[in-house]
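> Build me a structure from this.
(chains A and B)
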Amino acid sequence: MPDERSGPSRVESRGSLLDAVRGVKWPTLRPVAGAMPGAHHSRLRGAAPELSEYRAYRQGDEPRRIDWRLLARSDRAYIRLAEDRSIVPTIMVVDATASMAFPSDSLAKWRLACDVAIGLAAIAHTARDPVGLIIAGGRGVRHLPPRTRRGIVGELVRALEATRPEGTARITSALVGVRYRSRIAIVSDFLGDAAEVRRRAGEIAAAGGEVHAIHIVADEELDPPARAVLAVDPEDDSIARPFVGDARAAYLTSFAAWRTAVAAAWRGDGLTYTQAVTAEPPSRVVRRVAGAGVGAAARARVEAR
Amino acid sequence: MTLAAPLFLLAAGLVALATVAAHLLAWRRPSAVPLPTARFAPERPARVVSRAVRPTDLALLAFRVALVMLVGIALARPTFTSARQGTARVVVVDRSRSAGDGFAVAESARAVFRPGDAVVVFDSIASEIPDAMVDAITPMRAGDSTSRARGSLSAGLVVAVRAAERLSRERDSVEIVVVSPVTADEIDAATGVVRARWAGPVRVIRPTLAPADTAAASRVAVRAPSNDPVAAALSLVGPVVGGSDVRVVRDETTVDDSAWVRTGGTLVVWPADPDAHGWSRRVARDTAFAVASSIGLVGYTRFDEGAAVVAPFERVAVPPGEGVVARWSDGEVAAADHALGDGCIRSIGVVVPVAGDLALTSAFRQFARRMVSSCNAPTVLARVADSVVARVLLTAPRRGDVPSPTASDTSPGPGSRLVPWLLGAALVLAVLELFVRRGESHAAA
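Numbers count the residues shown, from 1 in each chain, chains lettered A, B, ... in the order given. Next up is the predicted model:
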């Protein structure tokens, strides 16, 4: 897909994006419970060939795991521990409603959402995680189940390029049926059913899943035109507000307060929240999202010990 | 076209300009742009004031400007008058008894009348002849040789001033021409006041009085004892109008006197000894009496058709009669006439003292002259002096003396009749403007 964006920060083709995120790790926030071998730390300690540590035998431990050689040398019973690594299904949930088709000429919000989703999918796929896609738009919800096959990222790219954001949709309904022990990245402007989405995300997180909220914000939304205009919500024509007098200042104040409240609400529920502005290169957004997982994974390992 | 209040038209023009300016600053919806986060802007009416290069709502603007201008023109009270040109006259023609047979007055009036002038005729009442022409000025009504009505110059002047004010709207100058002998009984206290209402010139043409004014006079017959004071006074009076038909009796009346009265004579019973006639005397003496009729004051000038005498007279009650000739100062009848046949008997209850020269005084002689006038003699109408006429009629009032315009002066002229039509049209436009505004509001919605 040709990149029509202008400006030095936006000149980043799809290929350069993938190059930019190559080597980026996106670990899970906590050890996963999966048994399939993968790149993520598993909560299972077992018979993996890679020794992690020894621990004194306690009553109830399986006698098979006692290191007999060590017992023979030191006359002490230790069990051998090894870290398991597992995979985690990663699903990109992309908001394709009309509010994402903004600005109407460049579709910067939609393009950024697609780039971030593809970047994160590429990182996850590099870690051999199954990658899937859910597109919630005016024409319904499109599912691409998580797969680990080689061309899955390309399928995601084609699916997103074939989609034009329009209409209204409930992202909450797109999250129905998502496996709880998955990693979900919701890329949206959260101007729809944001509260319900957050509630559903909390349920997924409580069940062992992992939810990342990537909040797409357009430059034009942060800096609306100063001239007198009548701003109309593309998803609801009945919302038409004139930007005259002090309306712009009131808008900026109200919008900033709302973004702060949304971020606080997501983080308060133990979920990760990242705000992405269209002026920002997608690769940087991807790194910020993945970086949140790196820090959290390190903390989780320390806590596990 | 002239405007009574042009400032209203100026104000209407300013309001119309403001209306056009208001249409250049029209409320309109600003251009709509999509903004997904529009919900965070405050809710306000989606209209803003913006300047337009061309006035918006041209039909509405036209209605409003027309409405404002119509109201302004109506309040300015336009009048459409033809150009004033020439002079005009209001010819006031006397048709009262003072004009005699009226031929002289009519001729004088015809001489001054010009087409376009107004003609007012008056005797005791006055009226204007509509669309007067010179033929309308006739001496008298057909079959009526003489008008017996007393003339009232005040009534004539009231109508004349009204006609003059009307003509003054069309002509450069208007003159009131009074064609009348102007006798004393035609002038009253209101004449000068009415004249003062007209600031323009007044000219008086005084034709010669009717021949009846100069009826033949002769001495009256007096039957009295010797050294009678009344006889002496009458001998000094000289001839009086209709004196041949008058007999003054100072002693007792006879049957012959009654028969003479029935043939048309005037018997003046003025007894030197009232007791002999059975007339009762008053004990107290009176000081003054006067001829009751035709005494008046014009301004401060006394014009005298009667007489007043001040002296210690002895009062006698006279028999009642149909006409009072003289009264005492308290209003009691001093002399009265009662008809008998074709003539009349005049009873005079004034005892004239024999002693003294009261009977020879000018005042008493004047009184005696009035007492011996014939019942049937034509009325002698005295022309007032020219100085009185000049003071009453010819003197233009000072500017401050002209009273403020009356309601009739401010009555709407021909052009002012447009005002209700203009206001009606404005009302219609207001209703139409309402419908147009509603229609455009629905279209905008």
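
> For the closest residue to residue B:361 other than its chain neighbours, name its beta-bridge partners.
Leaving aside its sequence neighbours, residue B:361 sits nearest to residue B:309 (C-beta to C-beta, 6 or more residues apart in numbering or on different chains; 7.6 Å). (Glycine included, C-beta is placed from N, CA and C.) Taking DSSP bridges as the rule, residue B:309 bridges to residue B:289.

> Same question for residue A:135.
residue A:94, residue A:142.

> Contact partners for it?
A:94, A:96, A:141, A:142, A:159, A:160, A:163 (C-beta atoms under 8 Å, 6 or more residues apart in numbering or on different chains).

> follow-up on the earlier one: isn't the residue nearest to residue B:361 right up against residue B:365?
No: using C-beta atoms under 8 Å, residue B:309 makes no contact with residue B:365, being 9.6 Å away.

> joint contacts of the two?
Common neighbours of residue B:309 and residue B:365 (C-beta under 8 Å, 6+ apart) do not exist.

> about what we covered before: can you get me a residue count around the residue nearest to residue B:361?
Residues near residue B:309, counting by other C-beta atoms under 10 Å in any protein chain shown, number 22.

> separation between it and residue B:243?
Remark: distance between residue B:309 and residue B:243 (C-beta to C-beta, to the nearest Å) = 21 Å.

> do residue B:200 as well
For residue B:200, the distance to residue B:243 - C-beta to C-beta - is 46 Å.

> which one of those two has more residues nearby?
Ranked by neighbour count (other C-beta under 10 Å), residue B:200 and residue B:243 place residue B:243 first, with 22 against 16.

> confidence score at the more buried one?
For residue B:243, the pLDDT comes out at 76.

> Surely it touches residue B:234?
No: the criterion here is C-beta under 8 Å, and residue B:243 misses it with residue B:234 at 9.4 Å.

> list residues touching both of these two?
Common contacts of residue B:243 and residue B:234 (C-beta under 8 Å, 6+ apart): B:219, B:220, B:372.

> Redo those as TSV? Include secondary structure and pLDDT.
Shown next, in TSV, are the shared contacts of residue B:243 and residue B:234 (DSSP: H, G, I helix; E, B strand; the rest coil; pLDDT from 0 to 100):
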residue	secondary structure	pLDDT
B:219	coil	81
B:220	coil	84
B:372	coil	84
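
> ranges for the strands of the stretch 1-150 of chain B?
B:2-3, B:25-28, B:32-34, B:48-51, B:78-79, B:87-94, B:118-122, B:126-129 (DSSP state E, counting those that start in this stretch).

> Name the nearest residue to the residue of the stretch 201-350 of chain B at minimum distance from chain A, ignoring sequence neighbours.
Nearest to chain A, among the residues of the stretch 201-350 of chain B, is residue B:201, at 73.1 Å (C-beta to the nearest C-beta). Nearest residue to residue B:201 in three dimensions, chain neighbours excluded: residue B:175, at 5.0 Å (C-beta to C-beta, 6+ apart).

> what about the helix or strand containing the one you found, distance to the chain center?
Using DSSP states H and E, residue B:175 sits within strand B:173-179. Chain-centre distance of strand B:173-179: 15 Å, with C-alpha atoms, centre = their mean, to the nearest Å.

> near chain B, which residues of chain A show up?
A:98-100, A:102, A:104, A:109, A:189, A:191, A:218, A:220-221, A:224-225, A:228-235, A:239-244, A:247-248, A:250-251, A:254-255, A:258 (C-beta under 8 Å from any C-beta of the partner chain).

> quick one: contacts of stretch A:61-72?
If you take C-beta under 8 Å, 6+ apart as the criterion, stretch A:61-72 is touched by A:47, A:54, A:57, A:76, A:77, A:78, A:79, A:80.

> in it, what's buried?
For stretch A:61-72, burial by neighbour count (16 or more other C-beta atoms under 10 Å in any protein chain shown) applies to A:65, A:67.

> try stretch B:426-440
Within stretch B:426-440, the residues that count as buried by 16+ other C-beta under 10 Å are B:426, B:429, B:433, B:436.

> Check stretch B:348-365 too.
With burial defined by 16+ other C-beta under 10 Å, the residues of stretch B:348-365 counted as buried are B:348, B:349, B:350, B:351, B:352, B:358, B:359, B:361, B:364, B:365.

> repeat for stretch A:252-260
Those would be A:252, A:255, A:258, A:259, for stretch A:252-260 by 16+ other C-beta under 10 Å.

> Check the offset of that stretch from the chain's centre.
Centroid separation between stretch A:252-260 and its chain, computed with C-alpha atoms, centre = their mean, is 23 Å.

> ok, residues contacting that stretch?
A:215, A:217, A:221, A:222, A:224, A:275, B:37, B:40, B:41, B:42.

> Mind checking which of those residues land in helices?
A:221, A:222 (DSSP state H).

> closest to residue B:340 among the contacts of stretch A:252-260?
Comparing those against residue B:340 with C-beta to C-beta picks out residue B:42 as the nearest, at 114.0 Å.

> Number of residues surrounding the closest one?
15.

> ditto for residue A:141
Considering only other C-beta under 10 Å, residue A:141 is surrounded by 18 other residues.

> Based on its surroundings, how many neighbours for residue B:116?
Under the criterion other C-beta under 10 Å, the count of neighbours that residue B:116 has is 13.

> Leaving out sequence neighbours, find the closest residue to it.
Leaving aside its sequence neighbours, residue B:116 sits nearest to residue B:88 (C-beta to C-beta, 6+ apart; 5.9 Å).

> What residues are recorded as beta-bridge partners of that neighbour?
Counting by DSSP bridges, the residues bridging with residue B:88 are residue B:174.

> next one: residue A:215
Beta bridges link residue A:215 to residue A:188, residue A:275 when assigned by DSSP bridges.

> Tell me the spacing between the residue nearest to residue B:361 and residue B:362.
Going from residue B:309 to residue B:362 by C-beta to C-beta gives 10 Å.

> what's the spacing between residue B:206 and residue B:129?
21 Å.

> Between those two, tell me which one has more neighbours.
Taking other C-beta under 10 Å, residue B:206 and residue B:129 do not tie; residue B:206 has more neighbours (19 against 15).

> per-residue confidence at that one?
On the pLDDT scale, residue B:206 gets 87.

> Then residue A:56?
Listed pLDDT for residue A:56 reads 89.

> what sits against it?
For residue A:56, the contacting residues are A:76, A:77, A:78, A:79, by C-beta under 8 Å, 6+ apart.

> mind listing the helices for the stretch 151-300 of chain A?
With DSSP state H, counting those that start in this stretch, the ranges of helices along the stretch 151-300 of chain A come out as A:152-161, A:171-174, A:194-206, A:219-222, A:247-268, A:282-304.

> Point out the other helices and strands that the fourth one packs with.
I take that to be helix A:219-222. Where contact means 3 or more C-beta pairs under 8 Å, 6 or more residues apart in numbering or on different chains; DSSP states H and E, helix A:219-222 is packed against helix A:247-268.

> tell me how far the helix it packs on is from the chain's mean position?
Distance of helix A:247-268 from the chain centroid (C-alpha atoms, centre = their mean) equals 21 Å.

> Please identify the most buried of the helices of the stretch 151-300 of chain A.
helix A:171-174 (a mean of 21; mean count of other C-beta atoms under 10 Å in any protein chain shown).

> Check what contacts it and list those residues.
Outside helix A:171-174, the residues that touch it by C-beta under 8 Å, 6+ apart are A:93, A:95, A:134, A:136, A:141, A:186, A:188, A:192, A:193, A:196, A:197, A:200.

> could you redo the last one with a cut-off of 6 Å?
If you take C-beta atoms under 6 Å, 6 or more residues apart in numbering or on different chains as the criterion, helix A:171-174 is touched by A:93, A:134, A:136, A:141, A:193, A:196, A:197, A:200.

> could you give the mean pLDDT of it?
pLDDT averaged over helix A:171-174 gives 87.

> Quick check: phi and psi on the nearest residue to residue B:264 once chain neighbours are set aside?
With sequence-adjacent residues excluded and distances taken as C-beta to C-beta, 6+ apart, residue B:264 is closest to residue B:342, at 4.0 Å. Dihedral pair for residue B:342: phi -90, psi -10, per degrees, to the nearest 10.
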